[in-house]
Structure formats: C-alpha cells, structure tokens
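**Q** I need the structure of the sequence given here:
(3 chains)
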Amino acid sequence: MAEIKNQSAASDQQFEDALKKAHREWKAAADRSANAKKKYVTVSSAPIDPLYTPEHVKDMDFFRDLNFPGEFPYTRGVHASMYRGKPWTMRQFSGMGTPEQTNERYHYLLSQGQHGLSVAFDLPTLMGYDSDHPRSLGEVGKCGVAVDTLLDMEKIFDGIDLAKISTSMTINAPAAILLAMYIVVAEKQGVSMDKLSGTLQNDILKEYIAQKEWIYPPEPSVQLIVDTIEFGTKHMPLWNTISISGYHIREAGSTAAQELAFTLADGFTYIEKSIERGLDVDDFAPRLSFFFSAHMDFFEEIAKYRAARRIYAKRMRDKYGAKNPRSWMLRFHTQTAGCSLNAQQPELNLVRTALEGLSAVLGGTQSLHTNAMDETLALPSDKAALLALRTQQVLAHETGVVNTIDPLGGSYFVEALTSRIEAEAEAYFDEIDRRGGVMACIEEGYLQRELARAAYIYQQEIDSKERIIVGVNDYVLENEKIEIPILVIDPEVEAKQCASIKKAKSIRNDKRVAETLEELRQACRDNKNRMPFLINCVREYCTLGEMCLAMQDVFGDYVEPPII
Amino acid sequence: MALLDDFKRGDRRALSKIITHIENRREGYRTILAQISRFERKAFRIGITGPPGAGKSTLVDSLVAKLANTGKKIGVVAIDPSSPFTGGALLGDRVRMQHLADKDKVFIRSMASRGQSGGLAAATRDVITVLDAFGMDLIIIETVGIGQIELDIIEACDTVVVILVPESGDMIQTMKAGLMEIADIFCVNKIDRPGADRLVSYLNNMIHERLGEFSQEFPAVGTNAVSGLGVDKLSDAISRHRDYIVGNGMFEQRRKRQLKNEILSSVRDRIVKDLDHMIDLDGQFESISSKLNSGETDPYTAADEIYEHYFRGRLVNG
Amino acid sequence: MSDKIRVLLAKAGLDGHDRGIKVIAAAMRDAGFEVIYTGLRQTPEMIAEAALQEDVDAIGVSILSGAHMTLFPLIYKAMEARKCTDIILFGGGIMTEEEMVILHSQGTDKLFGPGTPTPDIIAYVKDVVARKRKSEKII
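**A** Model prediction:
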C-alpha cells in the first residue's frame, strides 16, 4: 500500500485518470461475460464488488489505519512478531458426561499436544440447577460435564497441575461460582490463586441476545460479572477475567458486522460498569479478551478480526482514556462456526473447519478451537476430536501461514472490507446509544430482532437455493446413510451425579452450609463483591443450585421479550 | 351435543374446542353461542390496552398470578395482529406469561386480529361470552397494542386499564382525548425509569380536570411489571373501580349499552349481508350503476332510493 | 374448510438455542399460519396445557440439548393425560434415525433433523393438518 501511495503521489492526477479509464474498460469487458442474474454476496448477505482497486482504499492512511503489527491501532496484529514469537494456542473445548469421563478426555488431549483446557459444562450446570433438580431431567451430562459441588471439580482436574495449565471455562450465568470452585480446587492442590491462568467466559449480555442461558435479570447479572473482573484484577494477575463472546451471537444467525458490533458493545458495557465500580481502566483492561466465530466467508472473517482490533484500540484510547498500550489491544479466541456444519455428508465438515480455521489464523487469532466433524450430530467422538486438533496442527506446520504477519494486509479487497465492516459496526454503536445502551436494547428486544431477521434472510436464501450449501440443498447424496460413530451419553450419568450430590451432602457441615449461604444472600443485598462469599460456600460443599438460588432470592428471575 | 355437555361439566378441552368453533365462524356457531349465553355468567371483565413495549403481557402475567392465588378462576384473551399480506400471525404473548403456565385456574387463549383494526379480533366478544359461561370469575383482555387508541375494548370490558410508560409521552399528547375516553385506570409501568413521576402527575392532572370534585378519582398507578412492584396497588385499584361502578349504576349502564351495541351490530351485519345479496339479486345495483355513470343520479340520491325501496314504511325514519 | 392452521411452537428442555425455531415461526407466519410461540424452557406439562388451551392443530417442539429421548415421550404423556392426542406432535433436533423411529412409536408423529429445508416442514404441517381435519367429526 505504502508503495502504491508513493507512486501516485508523484503524479496523482495522471494516475487517477489512468485508473478510471482502465476501470471503465475492464468493466465493459467483465459485464459482457458475467452472470448478471446471480447475486454476489457474503455469508452475511452483504454485496461484494467484482473487483477492488486503489479507488476503494484511496482514503486509507497507512500509519493511521494499519501501521505495523504491535503498533496502534493494531489492525495487523497485537504482537510485533505474531506467530513467529508464539504460535496460537490450540484449545479444544470439551467436556461431557461425568467428571471422571471428562478428566480422562483431558489427559488424552494433553497427551496429544493440546496446549490448554477448555471446559464445556452441561445445561443444568449452565442454568444453575443441580443434577437432581426436576428441570435437569434428561439433560445431565449431555452437552458437557455436570458440576454440582466442589467434589466434581476436584475430579475433573484430578492429576492435572493447575499451576502449569491454562483453563478456559465457558460458564456464563454461574461463572462466579465455577471460578470460586476452580480457586478452591487449586488451593487444595497447594496452588495459590495468583498462579492460576486461564479465562472465564462469563459474558452474560450475549446470553440475553443470543444463547438465552441466564438466571437473573440483566442488571444484577452484570454486577456479578463486575465482581469477577474486580476480584481477578486484584487477586489473580495471570487470569483473564472475562471472555466477551460474539461466537454465540453469530451462531444465533447474526451477520459478521452484527457479531462484531454487538460483541464490542457488550464489552464496552462491561468496561463502563467496571469503571463505575471504581476500577482504573488500565488495571483491568489488559486482561479482557474476546471470542469470535470463524464462518465460511473467508475474506469477510479476516476483515472482521482486523476491524475489531482497530475499533477497539481507538475506543479504548480515545473514549475510555486508557494509557497502557496493553489496554488498547484486542486479543481474541476463535472457534470455527458450528452453524456452518451440516449433518449431511459430515466429512465435508472437516474441509469447512479447515478453511474457517485458516481465516482465523490469517486474521491474527490468539487461540483457536476447530470443530469436530460430527458436532452437528452429537458430542465429538474421540476420533473426530483428534482430527479437529490435527487440522490445526496441519495449519500451523504445513501451510506456511505462520511465516509472515497479516499476509492479506494491503489487499484492496481485504482493506476495503475491513473499513466497511468497521463503518457498519460504528453505525450499530450509534443506534445502540440512541436506544439507551445495550441493556435497554436487550429489554426492548432490538438486538434480538436484528439477529432473528438476519437468520431468517439466510435461511430463505438457502431455501430458495440462492445460496448453495453443498450436500444440503445441492449435490445431495440420495439415501445417504450417516456412518459417523456417534458418542452417546450413558443415561447412568444422571444417577451417578445424583449419588455424588448425596455424598457431598452427607459429608458436609449443614450448619456452616446454611451460614455461608445466608452470608452470600446478605452480600447480594448489600451489593458487596460476592466472590469471597462464594469461595466460602464452595469450601463448605454448598451445591451450585443452592448458591444460585440464594442469589436468586435477592436478584429475582427474568423473562425475555417475545421477539421473532 | 356431547361437546356442550363436556363444557358444562367444566372440561377445558371442550371449552377450547368451542372457542375454535366460534372463532372460525363454523357452521352452527350461532346456535352454540345462543345456548351458551343462557348459562349463568358472572365474570368481571378487565381490559388491558396500551402502546407496544408498554409491558402489557408482563403486567397481565404478574396481575393474574396474584389474582389466581386468591382462588379465582381467570380467563385471559390476548390479541396479536395478523399480517395483512399473508393472513398469518405470530402470537407471542404467552412468552411473557410464564408464571401462569402451571396455574390450573387460569386459561389463556391467544387470538389473531384477523383483519380487525379496533384492537380486538372479530370473535373476541363471543369468546369472552364463552369463557364467562364456563364459569370464570375474571376475564382479562389484552388488546393488540399497536400504538393507536383501540376503541373496541370499551365494548367488551367493565374496567379498562391503559398502560403507559415514561417513553409514551408523545403518544399521550396526540391522543389525550381518546385515552381519557377509554381509560378507567391509568397505569404507568416501568415506574423506576426517568420521567415516570412526571407522567404520573401529568395523568393525575388530566384525570382531575375531567372528573372535577364531585366524582371518585382513580389516580394513576405506578408499576414495575418485571419486579412486581405496584401490582398490588393496581389490583386494588381495579377492585375499587369495580365496587364504584357497581355501586353507582355505571356497571349496569355499561353492560346495557354494550349489549345493545352487540345486538345492533349483529343485526346490522345481517341486514348489510342480506341487502348486499338482494341488491345483486334484484339487479338494483346494475341499474343504479349505469345511472351513476351517465350522471343521472349521484351516490347520495342512490342511497336514499335504495333505502326507500327496501325499507319504506317498515322503519320509523323511513 | 378454510380455518387457519394454528401451530404451537415450543422450546423444551434447558437449551436456549432458538435460532431454528424462530426461523420456522417466521416462515410459518409467512405461509399464513397462526403461530403461538411459548418461548424457552417449557416443561412437557406446560407444552401440553398450552396446546390444549390454544386448541392448535399441531405442536412443534425443538430440543437441541440431547434430552429428546426423555422429553418427547413425556410431552406425549402429558397430552394423553389431557385427552388431546388428536393434536399432532412433531419436532426437530439432533438425533439418529433409530431414535426417530423409537420416538415415533411413542407418539411423536415426525421428527426433522438438522438442515431440513423450511418449506418441507411447512408442507408437512399443511398435509398432516388437512388429513387430520378430514377425519375429524364436526360438532
């Protein structure tokens, strides 16, 4: 880019005229042979020009808009050396059935070269129900591992040194409780909390927008999150206090620009609430991280990651007054898009995932989860899980993409797309502000409505075959018999978990349980940071359900607006 | 009729099926209605109306949950708009009524407006009659709520609650007269939002102006439907209003007027339908239409002539 | 008979993934159906009771959490208890063909796997409701 600018600087007018002429001639030639009926749009249904030229990027300024990697606004990456310094972290999300089974899977994945753990919890755990709650019927251990008391967490991490491993926990509504459990497990291993590293995915706002797993109304939920940010900032220097997630927004059907805009808007809300709590932005911002999806539109995704870094850096410096460059850097984890995978001809999912993973790497991700090919059917089998990890290893070692930083930087197309997505996101920020901020938009249903509309348009494109999905609405195999081994969760899991709760209840001190739960309730009423109280509850083997209920006594529940 | 026997025995499935029958104007629905309307009826009918996003369904949820705990049998009719293009509808009010889902004394029915524009569906009043005859103590009707004054509600209810939120300021300015006409009780929901206090005092001034000093006033009630704040007060205001109108004869008057209007509209529907049929059959409209084209007559004179032709001597103002 | 088709759409179980069911709801509205959406986390009892009160032609239930083998039969049982098994129960989720066969034998008329085109689901409902109405006796 810089070179092109310099050339044109010599004879600006001459160059522009030549460009316009050449563009006209090319367009006439191209129009003769192009299919005028077909719509050329991204996965987000955004129109794309047939060719990108210097005209598309004429307002771009190299130092202002791109700069070098590791330099503001970090469009080309947050680290000076990127993958030459440190490869991305290969972090596969997993967890299922009983704590024992999950522990076994973790030992296996670590032995196969995985760098960090990422815990998937089952739905009752995510919703704050114990395994013996009537609402948990049929759900225990299905979508992840069941955790009811500290006993379960001890089993999950049995034989894994928490001082050496980094752990990501996707847990949202009861995040503060699981963090408390993790801290106590480490404590029992003799590892103090200042040595713990990992991430807590406790972004509740995207739950109201997309994944719909909440327990309390938005305001107290956000306060609980600020508790974990505040606690982590003060006591856990290696811990990434929150992972702000767009992945689920995308899975729920958003466009790339919506994913970016809504996620960053959520992030800014946490930042504002933390500042309101009295924290200094430079004390907590360096340990915020983000989590994005990698969908099938290769270039759009890369542009999305680059735009994300640029928007974030500018806002952090200019709006929130952050002074530490580490506060300006948007670091993120990526997961390939589960919603792009299909049950038909499932082996194709390997191909999709590889391409999506490649876009994440070219977009400068800090860590990556590649989906297993059988994910649309069930939890991954051992073989599918291993293939998914191997896909990342192929990307890292065989393709050469780690050799150079931001290789698509300067591409007319990618730069134009980056700027366009940035502008789309900024327009959303304005609209969200006009409507009174993210929380007001959630209660009113604005974000949910935008998302539902995008999802419907996407599905209509598939139904009308404007959009071809291989194996689904074209290239279909007649009488296809799916021959992927499917991991079935043993229904015994539920009984085992219920027995484990009984055991925990039999060994604990009921008086202390009641006391610590009441202290927790009081902390909710007084709006004190709940973390120390939760840690006390966990030590006494209070169940997850008991802790959630205690807080719900004070916080109440929430029903979403009916948006379709 | 087996279904009617089941209905009399309190079978909810029969109730539900009869409502469908009537809503779809299936053959024989008038006969069923005629029979059912002779059953004992005692329900008090509360209308809930207000602009979109005011929190109507959520308020119905917390209000009904409270009332159901007193042992009352309650019917809820929630109306949502039909699409004018496809005739389809998304009826989402139940989403907000989660606290009523396990209450066996509560029966909720969602209705699509099916082309009606007054806030109710064409069959809503009939459905109310059916619920009443089923033995409901209370019937709550939630209107479509598209941000206009929905007048139909006063023809179907004894007490009308208009729900507003601090953000509805503009609407109140432009629709002041209409709002005063339909509202028995104003409720300001989302009372903890900025501007709520101002809205409450504005409404109270408006109420005071209209009623003067000689009648009982029902000041606006502030609620937060989500947390349940103020729902007690609203429920209290509704029962005070009920006592008030029953005591001073307004209840009786209203019911009489509604009944008259209902019968009239039913007669009107039939007359119009028959007339429409007869005009076509007699070739009357054909001849009028050619006269209209040639300028021999005008629509006003033509209307007079048609009326003369069919009703002369039969009606008082003929 | 030109009665509107009324369908109850519900999410059962604990998962909150409502993208699919909302797309279906919008498509059914556009096909002229009256769609009653109950929202998330409905218990079998809640679903059957809502279907009874709304007198729908069909109930569509989405379960993506893996609890389908437990929940679909319980929904049907709750319908039996209310004598409203004349209402058609169908659903969608991630399940094997063997599981679909088992669930069919336990009262769930039809199950759709991932990637089913929306028009197929709408055509199914139209067809099955038309057949049901034909066989129904008039009061």
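**Q** A:Ala416: how many residues sit nearby?
**A** 19 (other C-beta atoms under 10 Å in any protein chain shown). No exception for glycine: its C-beta is placed from N, CA and C like everyone else's.
**Q** so the residue nearest to the spatial centre of chain C bridges to which residues?
**A** The structure's chain C has its C-alpha centroid closest to C:Gly60; by C-alpha atoms, centre = their mean the separation is 1.8 Å. Judged by DSSP bridges, the bridge partners of C:Gly60 are C:Leu9, C:Phe90.
**Q** Next, work out how far apart it and chain A are.
**A** Distance, C:Gly60 to chain A, by C-beta to the nearest C-beta, to the nearest Å: 13 Å.
**Q** Could you check the longest helix along chain C and say which residues are buried?
**A** When chain C is parsed with DSSP state H, its longest helix is helix C:118-135. Going by neighbour count (16 or more other C-beta atoms under 10 Å in any protein chain shown), the buried part of helix C:118-135 is C:118, C:121-122, C:124-126, C:128-129.
**Q** right, is that helix up against chain B?
**A** No: Helix C:118-135 lies apart from chain B when judged by C-beta under 8 Å from any C-beta of the partner chain; the minimum separation is 10.7 Å.
**Q** other SSEs contacting that helix?
**A** Applying 3 or more C-beta pairs under 8 Å, 6 or more residues apart in numbering or on different chains; DSSP states H and E, one finds that helix C:118-135 contacts helix A:446-463, helix C:19-30, strand C:58-63, strand C:88-93, strand C:110-112.
**Q** Direction included, what does the next helix or strand after the second one pair up with?
**A** Scanning the chain past helix C:19-30 towards its C-terminal end, the next helix or strand to appear is strand C:34-37 (assignment: DSSP states H and E). Paired strands of strand C:34-37, with direction, are strand B:89-91 (parallel), strand C:6-11 (parallel) (DSSP bridges).
**Q** B:Val77: what secondary structure?
**A** Classification of B:Val77 using DSSP: H, G, I helix; E, B strand; the rest coil returns strand.
**Q** near chain B at all, the helix or strand hosting A:Gln522?
**A** In the assignment (DSSP H and E), A:Gln522 maps to helix A:510-526. No: counting by C-beta under 8 Å from any C-beta, chain B is not contacted by helix A:510-526; separation bottoms out at 14.8 Å.
**Q** Equivalent analysis for stretch A:202-216, please.
**A** No: using C-beta under 8 Å from any C-beta, stretch A:202-216 stays clear of chain B, coming no nearer than 11.6 Å.
**Q** got the end-to-end distance for that stretch?
**A** The first and final residues of stretch A:202-216 sit 13 Å from each other (C-alpha to C-alpha, to the nearest Å).
**Q** With mean neighbour count and mean pLDDT added, can I get the strands paired with strand C:34-37 in JSON lines?
**A** Formatted as JSON lines, the strands paired with strand C:34-37 follow (neighbours: other C-beta atoms under 10 Å in any protein chain shown; pLDDT from 0 to 100):
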{"stretch": "strand B:89-91", "mean neighbour count": "25", "mean pLDDT": "95"}
{"stretch": "strand C:6-11", "mean neighbour count": "26", "mean pLDDT": "97"}
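**Q** Just send those back as a markdown table, with distance to A:Ile225 too.
**A** Formatted as a markdown table, those follow (distance: least, C-beta to C-beta, whole Å):
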| stretch | distance to A:Ile225 |
| --- | --- |
| strand B:89-91 | 33 |
| strand C:6-11 | 25 |
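**Q** Which one of those lies nearest to A:Asp17?
**A** Ranking these by proximity to A:Asp17 (C-beta to C-beta) places strand B:89-91 first, at 55.5 Å.
**Q** Ramachandran coordinates for A:Tyr74?
**A** Phi and psi for A:Tyr74, reported as degrees, to the nearest 10, are phi 60, psi 20.
**Q** now swap in B:Asp298 and tell me
**A** When read as degrees, to the nearest 10, the backbone of B:Asp298 gives phi -130, psi 160.
**Q** which SS state does B:Lys17 fall under?
**A** helix.
**Q** If I look at the residue in the stretch 51-200 of chain A positioned nearest to chain C, what pLDDT would I see?
**A** The stretch 51-200 of chain A approaches chain C most closely through A:Gly138 (2.8 Å), counting by C-beta to the nearest C-beta. For A:Gly138, the pLDDT comes out at 89.
**Q** Just give me the neighbour total for it.
**A** Close neighbours of A:Gly138, defined as other C-beta under 10 Å, add up to 24.
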